[in-house]
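Colleague: please work out how this folds:
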Amino acid sequence: MASEQMQNNSFWWKKRPSFLVFLNFLPELLISLRNLFIKPYESKLKVLCVGNFTLGGSGKTPMVRYLRNLLEEKGYKCGVLLRGYKGSVKGPIEVSYNNHNSKEVGDEALMHSKDGLTIVSKDRVNGCKYLERMGIDIVILDDGFQNPSLKKDYNLLMVSSTQGIGNNLVLPFGPLRETLKRSLKNVNAVIKSNYSKNDHYSFDIISKFYKDILTANYITKVDNDISKNVILYTGIADPLKFSHAIRKNNYRILESFILDDHEEINEELANKILNTAKEKNADIITTEKDVVRLNHTKEGSYRKELSLKSNIAKLNIELDKNYLIGLIENGLNITH
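Modeller: Purely as a prediction, here's the structure:
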C-alpha cells in the first residue's frame, strides 16, 4: 500500500532548478531513435487520441468517457481502444462488463465497457484493425499519444491542475513521457482537468509554449444519503485529489486506506476496511475505478461485502462541450 505523504512528496512533482533539463537529453535521444524505425499504421477510421504528458492522474479516462457520450449523442458510432493496463488478456478482444474482471482486462476497460463498445489490445494496431470490422466511425484511444505505431487524426492531451507536468523532466528523472517540446509539436488541443483553485507551478512552463489551454472542471459528487463520517479507500494515481474532493463535500475522513494505482484489494484488507467502518460507525466511500476491481467477486467473501457497502463518489465534468466538439469535428474533418 502507498501513502498519501509519499505521493505528495515525490521528487517528480517538486520544483527543480531549470538547468536540470539537460537530463532530458538521453531519454529524448532514445525516443527519437525508436521512432525512426517505426512506420505508423494509418486506419481508414478516424482516430481520436486522448493522452497526457505524464504518467497517470490527469483525468484522461473520465474525459474519454465524457467524449464518447458527447460524440454518440451527435450520432457518431464510437469504439474505445486501450491496452488494458494490468490486465492479462493480450487481445484484441471486446470487453464485457458482465463476463470480464479487472485482472483480465484492467479496471479502466471495465469502466469503458459500461458505456459501450470497448476493445482491449496490447497491440494498438491490431486493436484498430479489429475495430475497422465493427461498423464504427471513430476510434477513441484511451492513452497511446506517445506510441508511434498508430497514426492519430486528432490528439487531445490532458494535464491535471494539481500536478501539471511536474518537474519538467522525462522518465526516469521526472513524470514526463517525452519532452514537453516534442509533445506540443503533435498536439491539437490541451485540456486542464481542474481540481483546484491554484494551478501547479509547472503551468508557468506550459504557458510559455502553449497558450490556448481549455479548462474542464472535475467535480466529485456523492449521490447516496450517507453519514458525514466516512472511511475512504482507493488505489488511483493521485489519491490526494480524491481525499481533498471528499473533504470539500463536507465529509470527515476518519481513516484512509491508500493503495498503489490499480492495486487489487485482497480479502484481508477488505475485512480490515469493513471492520474499521463498523467500529467507527462510518460509511465507506471510494471511486468507481476501485469498485470495478471487485467485479465478479465470490459470493460470501469480504471483497463481495465491501463492493456492496461501498458508496461511489462520481466524477462530473463541466466544460464548453459545444466548443470542444466543434474543435474535434473540425480536426477530424467530420460532420453529422
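Colleague: burial count for residue 98?
Modeller: For residue 98, the count of nearby residues is 8 (other Cβ atoms under 10 Å). Backbone N, C-alpha and C define where each C-beta goes, glycine included.
Colleague: name the SS class of it, please.
Modeller: coil (DSSP: H, G, I helix; E, B strand; the rest coil).
Colleague: tell me where the model's unsure across this structure.
Modeller: Scanning the chain with the threshold set as pLDDT under 70 gives 1-9.
Colleague: am I right that residue 218 sits in a strand?
Modeller: Yes: checked against three-state DSSP, residue 218 lies within a strand.
Colleague: how about it, what does it touch?
Modeller: Contact analysis of residue 218 by Cβ atoms under 8 Å, 6 or more residues apart in numbering lists 59, 62, 193, 194, 195, 315, 316, 317.
Colleague: what's the PyMOL line that selects buried ones from those residues?
Modeller: Buried subset of these, written as a PyMOL selection, criterion 16 or more other Cβ atoms under 10 Å:
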select buried, resi 59+62+193+194+195+315+317
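Colleague: in helices only, show me the contacts of residue 218.
Modeller: Residues of the contacts of residue 218 located in helices (DSSP state H): residue 62.
Colleague: what's the closest non-adjacent residue to residue 151?
Modeller: residue 40 (4.1 Å; Cβ to Cβ, 6 or more residues apart in numbering).
Colleague: in three-state terms, label residue 115 for me.
Modeller: Per three-state DSSP, residue 115 ends up coil.
Colleague: what's near enough to touch residue 206?
Modeller: So residue 206 contacts 159, 164, 165, 180, 190, 213 (Cβ under 8 Å, 6+ apart).
Colleague: please tell me how far the nearest residue to the last one once chain neighbours are set aside sits from residue 318.
Modeller: Yep, that's residue 213 we're talking about. Closest residue in space to residue 213, ignoring its immediate chain neighbours: residue 190 at 4.9 Å, by Cβ to Cβ, 6+ apart. Between residue 190 and residue 318 the distance is 17 Å, computed by Cβ to Cβ, to the nearest Å.
Colleague: now residue 30
Modeller: 39 Å.
Colleague: all helices for the chain, in order.
Modeller: Under DSSP H, the chain gives helices at 4-8, 25-36, 60-73, 102-105, 107-113, 124-131, 180-186, 203-209, 239-248, 267-279, 288-292, 302-309, 321-332.
Colleague: need the winner for burial among the ones you listed.
Modeller: Of those, the one with the most neighbours on average (mean count of other Cβ atoms under 10 Å) is helix 107-113, at a mean of 27.
Colleague: my guess is residue 124 contacts residue 83. True?
Modeller: Yes: taking Cβ atoms under 8 Å as the contact criterion, residue 124 and residue 83 are neighbours in contact, 7.0 Å apart.
Colleague: quick one on the thing from earlier: the contacts of residue 218 in strands, which ones?
Modeller: Within those, residues falling in strands by DSSP state E are 193, 194, 315, 316, 317.
Colleague: thinking again about what came up before, need the helices of the chain in JSON lines with distance to residue 227, can you?
Modeller: Supplementary listing: those in JSON lines, determined by distance: least, Cβ to Cβ, whole Å:
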{"stretch": "helix 4-8", "distance to residue 227": "22"}
{"stretch": "helix 25-36", "distance to residue 227": "48"}
{"stretch": "helix 60-73", "distance to residue 227": "26"}
{"stretch": "helix 102-105", "distance to residue 227": "28"}
{"stretch": "helix 107-113", "distance to residue 227": "26"}
{"stretch": "helix 124-131", "distance to residue 227": "43"}
{"stretch": "helix 180-186", "distance to residue 227": "44"}
{"stretch": "helix 203-209", "distance to residue 227": "37"}
{"stretch": "helix 239-248", "distance to residue 227": "13"}
{"stretch": "helix 267-279", "distance to residue 227": "10"}
{"stretch": "helix 288-292", "distance to residue 227": "19"}
{"stretch": "helix 302-309", "distance to residue 227": "12"}
{"stretch": "helix 321-332", "distance to residue 227": "34"}
